[in-house]
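# Test case, fold it:
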Amino acid sequence: MDLEVDKQSSAIYRGVMALIVLNGALDFKTGKPPQFAIEKLQDDHIFPKSIYNYNGVSNRTLISSNAEKWKTKPSEYFKERFNEHGPENFKIIMKSHLIPDDAIQFLLSDDLKNFCEKRKNMIINEIEKRTKWQKTNLKTYLGTAGTY
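Coordinates of the predicted model:
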């Protein structure tokens, strides 16, 4: 089994999205809790699929709207958010989407591969924390492969 699933019907995909909600994901633009009403909720590609053509769950999160970012490189969109929110609040917002501090540099430099690796590690750590699985067992179960 692979953490890089891309189908919304996958149990792994749904589990990761549930973790993001449970983690209190904040809206990228406002820094406030998003509207998680079904009609307002959007499954978003952090690195836009229209540019990067990568659909894995480590590149996805839940937001209220992606109207402003769907064709914008992460370095452009998230640099604006960084400047609007400031470094500390920006890190808080990113962590709420299970994006660790050490992935931010890759986000701001459009480095999909390294971003997804760092984020995948944080997702695995969150699963371990909530389920008490050992990292070696979980990595073996989920697999470590991913195509970027």
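
# Going by C-alpha atoms from here, please, whenever you check contacts or count neighbours.
Fine.

# Could you look up the SS state of L62?
Local secondary structure at L62 is given as strand here, using DSSP: H, G, I helix; E, B strand; the rest coil.

# so it makes contact with A18?
No: if you go by CA atoms under 8 Å, L62 and A18 don't touch, sitting 9.6 Å apart.

# mind listing the helices for this protein?
Assigned by DSSP state H, the chain shows helices spanning 11-22, 49-52, 74-85, 87-96, 101-107, 112-131, 135-142.

# got the buried residues for the second one?
If I follow you right, that is helix 49-52. K49 (16 or more other CA atoms under 10 Å).

# what distance separates that helix from the centre of its chain?
15 Å (CA atoms, centre = their mean, to the nearest Å).

# The helices of the chain: lowest mean pLDDT?
For the helices of the chain, the weakest mean pLDDT is recorded on helix 135-142, namely a mean of 59.

# Can you dump the C-alpha atoms of stretch 12-30 in CSV for me?
Listed next in CSV are the C-alpha coordinates belonging to stretch 12-30 (Å, rounded to 0.1, in the frame of the first residue of the first chain):
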residue,chain,number,x,y,z
ILE,A,12,-5.8,6.3,2.8
TYR,A,13,-6.8,9.4,1.0
ARG,A,14,-9.9,9.8,3.2
GLY,A,15,-7.8,9.1,6.3
VAL,A,16,-5.3,11.8,5.5
MET,A,17,-8.0,14.3,4.7
ALA,A,18,-9.6,13.5,8.1
LEU,A,19,-6.3,14.0,9.8
ILE,A,20,-6.1,17.5,8.2
VAL,A,21,-9.6,18.4,9.5
LEU,A,22,-8.8,17.0,12.9
ASN,A,23,-5.5,19.0,12.9
GLY,A,24,-7.6,22.2,12.6
ALA,A,25,-6.5,23.2,9.1
LEU,A,26,-6.6,27.0,8.7
ASP,A,27,-7.5,28.8,5.5
PHE,A,28,-4.3,29.7,3.6
LYS,A,29,-5.6,33.2,2.7
THR,A,30,-7.3,34.3,5.9
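
# Thank you, goodbye.
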